[in-house]
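**Q** sequence? don't have it. structure:
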Ligand SMILES: Nc1ncnc2c1ncn2[C@@H]1O[C@H](COP(=O)(O)OP(=O)(O)O)[C@@H](O)[C@H]1O
Ligand SMILES: O=C(O)[C@@H](O)C(=O)COP(=O)(O)O
């Protein structure tokens, strides 16, 4: 294994696994596998890039640091020469963490400084300019992310936001330096004394320049965009052979579960509703125990072949009201358990194609399914690949970040998950 990734959630893990497996033309990317949690055994010998998916984005800081260091040790034991700490392209975190504390702990463990921090993902509209994060043409704090149920992003100045979370100062490399090329970026980073350095990037070419500048950095942090050029570094120097990705999938009964409350997911649900059976999960009734996963199973199994979708996704007002009634963590924990239980029963009942919307929700589902490692297949939409679990009865999965995907994502994903 050459390149190791520690991802703070499961959709984020498949996002960056997709980027690394895809690489850049004409060489393509690395042979990539996604692991669900820190594996207990060694990876297969032919894996060139390993992505360890954690569910550490919103857990207490100390636990996130401990889990990330556990993942680091496993990846180093597999031979990785470079480690990426992958977090969200919308920098999902609170003033307490977890991006800063985990980034600093990894930097300390690897004894490095001037570590790049760049959440830019231009393909999904995320750009960083003057250390401010934009989502398409809006500042982060006006993009809808200010209403996120767990990590409301109210400050677009990510240098300032990160500084709340760190022990040491946070540096910045501006776009004009990036535009001067890889050597200038490398020299500018080398002259810095900060542990973490926000680097501006507004295009894929900027990310390729940064990737080339940090080819010999032991630690890199960012969104999936920061990995655009990293596979190529290993291919260029002959350590990896290059791989153009492969078509994988599985036929069989399908289900769509959505726990994301993002504007993009709610829009996709509205589009899906027009022509497909949908079930709105009443969160209040889930909290009181009146609605159980059996309601969802009955609905999904009664609608196989019609792309059935069950969702808890609510508007910002609905989310606020339910959180005020029961508490933010309590609602999230209950819904995680609800979706996990639902997914487990669905797979036991024969579902082989599963689409999940939402990072926390995907983490809960995939952890419950205990799928081990996943192979990365073709891209469905930017940041969302087809995933296929190992074993005798594989499941084809699409784990969609709340904010990703086109309006018709759900139908498109179910089609791409098919083997035929
Ligand atoms: N109607 C709702 N009210 C309150 N919280 C909700 C509701 N539906 C889902 N949630 C919670 O909101 C969070 C959404 O996070 P996540 O699944 O990561 O989506 P995203 O990818 O959009 O961030 C989860 O913790 C989920 O349990
Ligand atoms: O970087 C991104 O935007 C995604 O890969 C990601 O991490 C998404 O997180 P969720 O929106 O919580 O799914």
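**A** Arrived safely, thanks for sending. Keep in mind it's a predicted model, so treat the numbers as computed, not measured. Ligands and ions are numbered 1, 2, ... in the order given.
**Q** Let me see the contact set for residue 43.
**A** 1, 33, 35, 50, 78, 373 (CB atoms under 8 Å, 6 or more residues apart in numbering). C-beta here means a position set from N, CA and C on the backbone, and glycine is covered the same way.
**Q** any idea how far it is from residue 154?
**A** 39 Å (CB to CB, to the nearest Å).
**Q** can you check residue 363 too?
**A** 24 Å.
**Q** What ranges does the stretch 51-200 of the chain have for its helices?
**A** 61-77, 99-110, 158-165, 175-178, 182-190 (DSSP state H, counting those that start in this stretch).
**Q** before we move on, back to that, who has more neighbours out of residue 363 and residue 154?
**A** Counted by other CB atoms under 10 Å, residue 363 and residue 154 do not tie: residue 363 has more neighbours, with 29 against 14.
**Q** Name the SS class of the more buried one, please.
**A** helix (DSSP: H, G, I helix; E, B strand; the rest coil).
**Q** which residue packs closest to it, ignoring adjacent ones?
**A** Take residue 363 and drop its neighbours on the chain: the residue closest to it by CB to CB, 6 or more residues apart in numbering is residue 55, 3.8 Å away.
**Q** which bits of the stretch 301-420 of the chain sit near ligand 1?
**A** 312-314, 318-319, 322-323, 331-332, 335-336, 358-361, 401-402 (CB under 6 Å from any ligand atom).
**Q** How about the secondary structure of residue 50?
**A** strand.
**Q** do the same with residue 388
**A** Residue 388 - assigned by three-state DSSP - is strand.
**Q** Also residue 206?
**A** Going by three-state DSSP: residue 206 is helix.
**Q** What is the burial count for the nearest residue in space to it that is not next to it in sequence?
**A** Leaving out its chain neighbours, the residue that sits closest to residue 206 by CB to CB, 6+ apart is residue 178, at 5.1 Å. By other CB under 10 Å, 25 other residues sit near residue 178.
**Q** for the one 4 residues further on, same thing?
**A** One way to gauge burial is a neighbour count; for residue 182, by other CB under 10 Å, it gives 17.
**Q** you'd agree it is up against residue 216?
**A** No - Residue 182 is beyond contact range of residue 216, at 11.4 Å (criterion: CB atoms under 8 Å).
**Q** And residue 235, what's its pLDDT?
**A** With respect to pLDDT, residue 235 has a value of 94.
**Q** would you say it is within a helix?
**A** Yes - according to three-state DSSP, residue 235 belongs to a helix.
**Q** gap between it and ligand 1?
**A** 32 Å (CB to the nearest ligand atom, to the nearest Å).
**Q** coming back round to it: can you select the buried ones among the residues of the stretch 301-420 of the chain next to ligand 1 for me in ChimeraX?
**A** One line in ChimeraX is enough to select the buried ones among those; burial here means 16 or more other CB atoms under 10 Å:
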select :312,313,314,319,322,323,331,332,335,336,358,359,360,361,401,402
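**Q** Which of the residues of the stretch 301-420 of the chain next to ligand 1 fall in strands?
**A** Judged by DSSP state E, the subset of those located in strands is empty.
**Q** distance of the closest residue to residue 174 other than its chain neighbours from ligand 1?
**A** Sequence neighbours aside, residue 200 is the residue nearest to residue 174 in space, at 5.5 Å (criterion: CB to CB, 6+ apart). Residue 200 sits 25 Å away from ligand 1 when distances are taken as CB to the nearest ligand atom.
**Q** For this structure, which residues are neighbours of ligand 1?
**A** 149-150, 259-262, 283, 312-314, 318-319, 322-323, 331-332, 335-336, 358-361, 401-402.
**Q** thinking again about what came up before, could you point out the member of the contacts of residue 43 that lies closest to ligand 1?
**A** residue 35 (19.6 Å; CB to the nearest ligand atom).
**Q** Quick one: list the elements packing against the helix or strand containing the closest one.
**A** Residue 35 belongs to strand 32-36 when assigned by DSSP states H and E. Applying 3 or more CB pairs under 8 Å, 6 or more residues apart in numbering; DSSP states H and E, we find strand 32-36 packed against helix 10-22, strand 49-53, strand 373-381.
**Q** Which among these is found nearest to residue 271?
**A** strand 373-381 (13.5 Å; CB to CB).
**Q** Check pLDDT for the contacts of residue 43 and point me to the minimum.
**A** residue 373 (89).
**Q** didn't that residue look like it was pressed against residue 37?
**A** No - Residue 373 lies out of contact with residue 37 (CB under 8 Å); the separation is 10.1 Å.
**Q** Quick one, grab the pLDDT at the residue nearest to residue 206.
**A** At residue 178, pLDDT is 98.
**Q** Just to check, it is in contact with residue 198?
**A** No - with contact defined as CB under 8 Å, residue 178 and residue 198 do not form a contacting pair (11.5 Å).
**Q** can you pull the contacts of residue 219?
**A** 82, 83, 84, 85, 106, 107, 110, 112, 115.
**Q** Filter these down to the buried ones, ChimeraX style.
**A** To isolate the buried ones among those in ChimeraX, judged by 16+ other CB under 10 Å, type:
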select :82,83,84,85,106,107,115
